[in-house]
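S.K.: 3D, please:
(chains A and B)
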Amino acid sequence: MTSSEEHNFENNWREAFDNADETPLLSVWERVEARLDEEDDRVAIIPFWQQWQTLKWVAAAGVTILLVSLGGWWLSNQNGVKTHLATKVSNEKLSPKTNIAEKISTPKTGIDVATLKRQPLPNQSQNETIAAVKFPPSADVNATHSISVKSKSESKSRLLKANKLNTEMPTLFKEKVLAVNKQKNKIELSTTHLSKVAVEETAILSLSNSQFPAVSDPVTLSTPVLALSSLDSKEIRELIGLSQRQPWVAYQPVQSEQKVQKTAPKEYWASVGVMPASYNAGVVIGGSKSGLAYATSNQSFSTNTAQASSTNRPSFSYALQWQGGVQLAQRWSLETGLNYLKGNSVFEGTNGFNMLSNSYVNNLEAAVNVSDNSKQRYDFAAIGYDKSQVQSLATSQNINNSYQFLQVPVQAGYAVVKPKRKVSLWLLAGFINNIFLRNSFQSGQESTVTVSGAGNPYRALSFSASTGMRVQYKMNKRWTTLLSGNFQRALGSNTRSGTAFEARPQLLGVGAGLRYGF
Amino acid sequence: MKDERTLVEGCRNKDRISQRTLYERFAGRMFAVCQRYTRNRFDAEDVLQDAFVKVFSQIHTFRYDCPLEAWIKRIMINTAISHLRKEKAYLDQADVEDYADVVSEAETTVSGIEYQQLLAMVRELPPGCQSVFNLYAIEGYQHNEIAELLGISEGTSKSQYARAKQLLQAKILETNNTNSS
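M.R.: Residues are numbered from 1 along each chain as shown, chains lettered A, B, ... in the order given. Sure, this is the predicted structure:
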């Protein structure tokens, strides 16, 4: 056979089927409509999950705004206290140099709320086009399974209707019943009627239309048939790009199944890490107690040892981190742990000479001294009212501070790059509970003063806001290396209220770690 | 009559009247397509139902880059093939030997044979042959595309088609002889 003859064979068949048009039963539309109603109901019941892909950005923005708002509220409260303190200090006629209000009333929060843009939805249809072409067994079988069950049940009900019709016309069909062995899992009665009706479907339609108007094909009685404006299938094939290759249309699998797959397993992990950091203690000398104490005792050394100062320089610090977390969803995680923070910072203070004790006293140790409820490190009372006991000449001193905290972070993580990949990128935000352990700093004599224990000027528990990002490299199923950047800012002073100084530390660190997933 | 674009937009907005109109506009032609890929009318109606549900749920992916009817038809064919997969009707598609054409083209022309008779011939083909014949002869797919679609080798597709062709030629010859006698 020549190729032209072969082509003729196919053309003959194509022409025979090109304009084929058969009217299905009205019940098909009714079932389609019922299915559409079910889908609409399902969407109405769980609209949140249907739109989760869109809402996640809104949620992330919401969490950020909430954290910033909390921080702002905290800061505003602290500013109010400071203004009040500054006024009091001014009224007590402190030296012009002790302009606490100027120093404190311009807090540099440095918080910039960036507007998060809603991201477009991922192009699911493109992915699923590929899936549809390749027919992955799992997705396709699962997707069609539910349809199968439904279709079979509906077929059975339709068969029962056909059976009913058949019993009303026993003489027409009784002799024409064919025993056909169809598939094993179909009901034998239904199968019999299925075969029977299939063979005689033309007869059924014609008879039902003519002899049984009550059960005749309702499509022919329904709304007027609309004129067909679309191309017939032959013309479609002849369109450029369609005759040689017709790309297959993708079907999205049942969305609820996708959701289940995405949110199914929760992954837990534990990690250890170390984070070199730059720590700035943010110490500011000044407060109600300092002004009050110095004023009532009329100690002139306050001009040397208690003047307002807020110049700090960060020093090399580090944090040791033991953390754990759980992946709540494909992109969301909740993390906590325990950190040991060694924060070093330099405070640029002033130093005055105490002639009575024949020693130098810097303004930080003086401030700590008057703020410490547990013990007085210097016997200021012994100095009495003798102004000559303190040399009025002030010299500057770089006071090295070393803070130690235990930190309990509580952070939420959001994966910008999907964690399923080898390398993923996470954004982190949350707060940190800082448990004060001790502070060591240099005295005027360059000896070390250690502040710890009950009654010390520092709060036992203070809070910081924390944000950062983390790059993860998944080495294998269990082990992941971590590289993270972290910024922490205290939510208010970590000293008690009424102390002669305040400290609002901030930290900027880059850490590395190792994670084990369970 | 509603414009096609208006109709699609209505379906995207889940307007039931638009959905009904679209269904009525294409149901007849699409039902004929489903008939060719299935073994009986009931299976064809099941496929038609499933396919139209997919049409309405995926109408937002239609980009007007092809005629709407062609887009719907592809959904029908894909759904029909999924239906066959579900029924495992395609699994018997082992390689078969080449079938030589034993009858001349003139003797096996389908002209003069009624549509319902032709449809019955196609339905009586073995399931694997039926799908390959429909895809190659009627829809115009190439064998490599059919192989990818059905998850079979290209050689299997070719031999299944040859087998289908021979069976159909025999049936046509028989029918023509019956009609002429």
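S.K.: residues near residue A:482, how many?
M.R.: 19 (other CB atoms under 10 Å in any protein chain shown). Any C-beta I mention is one placed from the backbone N, CA and C, and that applies to glycine too.
S.K.: er, residue B:15 actually
M.R.: Residue B:15 has 14 nearby residues by other CB under 10 Å.
S.K.: For stretch A:363-371, list every residue counted as buried.
M.R.: Going by neighbour count (16 or more other CB atoms under 10 Å in any protein chain shown), the buried part of stretch A:363-371 is A:363, A:364, A:365, A:366, A:367, A:368, A:369, A:370, A:371.
S.K.: Verify the stated contact: the fifth one with residue A:347.
M.R.: In this case it means residue A:367. No. Residue A:367 is beyond contact range of residue A:347, at 10.3 Å (criterion: CB atoms under 8 Å).
S.K.: Remind me which helix or strand residue A:33 belongs to.
M.R.: helix A:26-45 (DSSP states H and E).
S.K.: Can you name every helix or strand that that helix contacts?
M.R.: Under the contact criterion of 3 or more CB pairs under 8 Å, 6 or more residues apart in numbering or on different chains; DSSP states H and E, helix A:26-45 touches helix A:137-168, helix B:16-37, helix B:41-57.
S.K.: Compute the inter-axis angle for that helix and helix B:16-37.
M.R.: For helix A:26-45 against helix B:16-37, the angle by axes from the mean of the first three to the mean of the last three CA atoms, to 10 degrees is 120 degrees.
S.K.: And the average pLDDT for helix A:26-45 is what?
M.R.: Across helix A:26-45, pLDDT averages out at 80.
S.K.: just so I have it, where are all the helices in chain B?
M.R.: B:4-12, B:16-37, B:41-57, B:68-86, B:115-123, B:127-133, B:143-150, B:154-180 (DSSP state H).
S.K.: hmm, back to that, now do the helix holding residue A:33 against helix B:41-57, angle only.
M.R.: 40 degrees.
S.K.: Report the buried residues of helix A:26-45.
M.R.: A:27, A:28, A:29, A:31, A:32, A:33, A:35, A:36, A:39.
S.K.: now do stretch A:270-285
M.R.: Neighbour-count burial for stretch A:270-285 [16+ other CB under 10 Å]: A:271, A:273, A:275, A:277, A:278, A:279, A:280, A:281, A:282, A:283, A:284, A:285.
S.K.: so which of those residues are also by chain B?
M.R.: When CB under 8 Å from any CB of the partner chain is applied, no member of the buried residues of stretch A:270-285 is adjacent to chain B.
S.K.: I'd like the next helix or strand past the one helix or strand residue A:321 maps to.
M.R.: Assessed by DSSP H and E, residue A:321 sits inside strand A:312-327. Following strand A:312-327 in sequence order, the next helix or strand is strand A:332-354 (DSSP H and E).
S.K.: So which elements touch that following strand?
M.R.: By 3+ CB pairs under 8 Å, 6+ apart, strand A:332-354 packs against strand A:267-280, strand A:283-285, helix A:302-305, strand A:312-327, strand A:359-362, helix A:363-371, strand A:395-417, strand A:423-442.
S.K.: Quick check: mean pLDDT of the shortest one?
M.R.: Confidence over strand A:283-285, taken as the mean pLDDT, stands at 83.
S.K.: helices or strands next to it in the packing?
M.R.: helix A:100-104, strand A:332-354, helix A:363-371, strand A:501-503.
S.K.: could these be laid out in CSV, adding mean pLDDT?
M.R.: Below are the helices and strands packed on strand A:283-285 laid out as CSV (pLDDT from 0 to 100):
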stretch, mean pLDDT
helix A:100-104, 40
strand A:332-354, 85
helix A:363-371, 76
strand A:501-503, 85
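S.K.: For the ones you listed, could you give me a markdown table that also reports distance to residue A:476?
M.R.: Shown next, in a markdown table, are those (distance: least, CB to CB, whole Å):
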| stretch | distance to residue A:476 |
| --- | --- |
| helix A:100-104 | 52 |
| strand A:332-354 | 19 |
| helix A:363-371 | 51 |
| strand A:501-503 | 44 |
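S.K.: before we move on, the earlier item: show me what counts as buried in the strand holding residue A:321.
M.R.: Under 16+ other CB under 10 Å, the buried positions of strand A:312-327 are A:312, A:314, A:315, A:317, A:318, A:319, A:321, A:323, A:324, A:325, A:327.
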